[in-house]
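Asker: generate a structure from the sequence data that follows.
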Amino acid sequence: MVVDEVARRFGIQSWKKKDAAQQAFDSARRIGFVKPASFMNLSGTPVRLISAWYRTPPAGVLVVSDDMDLPFGKLRMRPSGGHGGHNGLRSVIATIGEDFPRLRVGLGRPEFDSVDHVLSQFNDDERRALPAIVSAAAEGVTLWIDEGLEAAMRFVNTWAPLP
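Answerer: Next up, the predicted model:
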């Protein structure tokens, strides 16, 4: 949802499927948008293939992922790090290393099975909060693109949804 929102803000309308991912590019800004279409635990392969094709170093790849260890709606951006048990990040780290920035979007820890939680629909309260969360995350990505990692981290890491 975050990648789709950033692409919408940049006027991206055309996506193609290649290298196990949906891809779109803004040639004027020289920005690529990639949504792996494989299983999450295999998402590192399309990230590696596409970043290698465009000769993008890991520091130029911003990965947006969900995170059950953050409360619902909490955003956290870091310049690098480990996978924290996230299989998608584990896969990306296995293919390009740990030195890429990441934006994590909190899902909250479920009281029941983790797989069911990640794949389930949002409840009514979450659905109402989602537009603000996606918008703030997209703003963080846009700041990363336009002003760099430090500006994006200042915004993202201090943002909080309204009660």
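Asker: what pLDDT does residue 63 get?
Answerer: Among the per-residue scores, residue 63 holds a pLDDT of 94.
Asker: isn't it up against residue 92?
Answerer: Yes. Assessed by Cβ atoms under 8 Å, residue 63 is found in contact with residue 92 at 5.8 Å. C-beta here means a position set from N, CA and C on the backbone, and glycine is covered the same way.
Asker: joint contacts of those two?
Answerer: Overlap of the contact sets of residue 63 and residue 92 (by Cβ atoms under 8 Å, 6 or more residues apart in numbering) consists of 47, 100.
Asker: low-confidence stretches in this structure?
Answerer: The chain contains residues with pLDDT under 70 at 112-120, 163.
Asker: what residues of stretch 76-91 count as buried?
Answerer: 76-78, 83, 86, 88-91 (16 or more other Cβ atoms under 10 Å).
Asker: just give me the closest of those residues to residue 22.
Answerer: For the buried residues of stretch 76-91, the minimum distance to residue 22 (Cβ to Cβ) is 15.1 Å, reached by residue 88.
Asker: I'd assumed residue 40 was in contact with that closest one.
Answerer: Yes. Counting by Cβ under 8 Å, residue 88 sits close enough to residue 40 to count as a contact (4.3 Å).
Asker: mind jotting down where the strands sit in the chain?
Answerer: For the chain, the strands defined by DSSP state E occupy 16-18, 21-26, 31-36, 63-67, 75-78, 102-106.
Asker: pick the most buried one from those strands.
Answerer: Using mean count of other Cβ atoms under 10 Å, the stretch among the strands of the chain with the greatest mean number of neighbours is strand 102-106 (a mean of 22).
Asker: mind listing what's buried in the top helix by length along the chain?
Answerer: Using DSSP state H, we find that the single longest helix of the chain is helix 124-147. Of the residues in helix 124-147, those with enough neighbours to count as buried (16+ other Cβ under 10 Å) are 133-134, 136-144.
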